[in-house]
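Trainee: coords please:
(chains A, B, C and D)
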Number of protein chains: 2
Amino acid sequence: MARAATTSDAINAIAEPRRREILVLLRGGERPVTELAQDLRMSQPQASKHLRVLREVGLVRVRGAGKQRLYRLDARGLRPVHEWVGGFERFWSERFERLDEYVRELKQARQEGPDDGEDR
Amino acid sequence: MARAATTSDAINAIAEPRRREILVLLRGGERPVTELAQDLRMSQPQASKHLRVLREVGLVRVRGAGKQRLYRLDARGLRPVHEWVGGFERFWSERFERLDEYVRELKQARQEGPDDGEDR
DNA sequence: TTGACACATTCCGATATAGGAATATAATGG
DNA sequence: CCATTATATTCCTATATCGGAATGTGTCAA
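Mentor: Predicted structure coming up:
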């Protein structure tokens, strides 16, 4: 097997920087492809391809308006991602970082005596 | 070019499901490789490889303890991810979803008259 | 019908991945 | 030094990716 498809998941889709840029732009409202491409300085085909991925994972919707296709953000798929990552919040808060550290050191000092623990 | 390296970014690293599982397990405290592999039902080499990626992006730390290597969570790298995704919060909240919808409809109804807009 | 836009898709090449199997590299206890 | 246990690394294959260039498709206007 290779890596999971970019279209397999919202999180895989947003792993690509250009797609993240697109989503950010779309927060400002719906937009046609060419405009997105210009603002982000990418070729039109690239924009289309990235938009396709985003559409397949449901992060954007399209609407035909004459010759143009207006892409619109649909961020609902980001919610689970936000929640999953949020499950680690207490681990990056400084207070807890230090607390955990402290507890760890205590344990070691008591259980194993002097420790060689290199912390790379 | 190919896809961005899994080691290029925390967000690329956590795009892989097995690595996410590892991180979740590590919330319970530091753990040796074999234990992680068993709990997650993956081969030891796989666990090692995934841990290597996680280490290279700084999401885990290692500590030698005898023959074992204890891996420990370092979630600080997830904070920027959480914040980036959080920037879309107002777009998935139902209230705002409906509000935006409403505004959009208003605009169209006024500017363009009857609309063919299929909303796929 | 023909042009002219706006956009989508296809074909190509270079690169990386995840998984499996096999092997190499510690560290520990005799 | 040897055997054993715990990890890491390498080799291999199948599969996807992104980007660029070229081409296809759809819509409008005269």
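
Trainee: who's in contact with whatever helix or strand A:Pro45 lives in?
Mentor: According to DSSP states H and E, A:Pro45 maps onto helix A:44-56. Contact with helix A:44-56 is made by A:6-7, A:13, A:16, A:18-19, A:22-23, A:33-34, A:36-37, A:40, A:42, A:60-62, A:71, as judged by CB atoms under 8 Å, 6 or more residues apart in numbering or on different chains. Just so you know, the C-beta spots here come from the backbone N, C-alpha and C atoms, and that holds for glycine as well.

Trainee: Can I have the buried ones of those residues as a ChimeraX selection?
Mentor: Selection of buried members from these for ChimeraX, criterion 16 or more other CB atoms under 10 Å in any protein chain shown:
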select /A:6,13,16,19,22,23,33,36,37,42,60,61,62,71
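
Trainee: Which of the contacts of helix A:44-56 fall in strands?
Mentor: The members of these that map onto strands under DSSP state E are A:Val60, A:Arg61, A:Val62, A:Tyr71.

Trainee: What is the nearest of those to B:Pro80?
Mentor: Nearest to B:Pro80 among those is A:Val60, at 22.7 Å by CB to CB.

Trainee: Which strand residues bridge that closest one?
Mentor: A:Leu73 (DSSP bridges).

Trainee: Equivalent analysis for the one 4 residues further on, please.
Mentor: Listed beta-bridge partners, A:Gly64: A:Arg69 (assigned using DSSP bridges).

Trainee: dump the residue contacts of the residue nearest the centre of chain A.
Mentor: By CA atoms, centre = their mean, chain A has its centre lying nearest to A:Ile14, at 4.4 Å. By CB under 8 Å, 6+ apart, A:Ile14 lies in contact with A:Arg20, A:Leu23, A:Leu59, A:Leu78, A:Val81, B:Ile11, B:Val85.

Trainee: please redo it, this time with the cut-off set to 10 Å
Mentor: Shown in contact with A:Ile14 (CB atoms under 10 Å, 6 or more residues apart in numbering or on different chains): A:6, A:20, A:22-23, A:53-54, A:57, A:59, A:77-78, A:81, B:11-12, B:15, B:81, B:84-85, B:88.

Trainee: What subset of the residues you listed is buried?
Mentor: A:6, A:20, A:22-23, A:53-54, A:57, A:59, A:77-78, A:81, B:11-12, B:15, B:81, B:84-85, B:88.

Trainee: near DNA strand D, from these?
Mentor: A:Thr6, A:Val53 (CB under 7 Å from any atom of the strand).

Trainee: ok, how many other residues are close to A:Arg52?
Mentor: Neighbour count for A:Arg52, taken as other CB atoms under 10 Å in any protein chain shown: 12.

Trainee: where's it relative to DNA strand C, distance?
Mentor: Applying CB to the nearest atom of the strand, to the nearest Å, the value for A:Arg52 to DNA strand C is 5 Å.

Trainee: Make sure A:Gly87 is actually in contact with B:Arg27.
Mentor: Yes - using CB atoms under 10 Å, A:Gly87 makes contact with B:Arg27 at a distance of 7.7 Å.

Trainee: A helix includes A:Val81, no?
Mentor: Yes - A:Val81 forms part of a helix when assessed by DSSP: H, G, I helix; E, B strand; the rest coil.

Trainee: from what I can see A:Glu16 touches B:Ala4, true?
Mentor: Yes - assessed by CB under 10 Å, A:Glu16 is found in contact with B:Ala4 at 6.6 Å.

Trainee: coming back round to it: could the ones in strands among the contacts of helix A:44-56 be laid out in a markdown table, adding pLDDT and distance to A:Trp92?
Mentor: Shown next, in a markdown table, are the ones in strands among the contacts of helix A:44-56 (pLDDT from 0 to 100; distance: CB to CB, whole Å):
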| residue | pLDDT | distance to A:Trp92 |
| --- | --- | --- |
| A:Val60 | 97 | 30 |
| A:Arg61 | 97 | 33 |
| A:Val62 | 96 | 37 |
| A:Tyr71 | 97 | 33 |
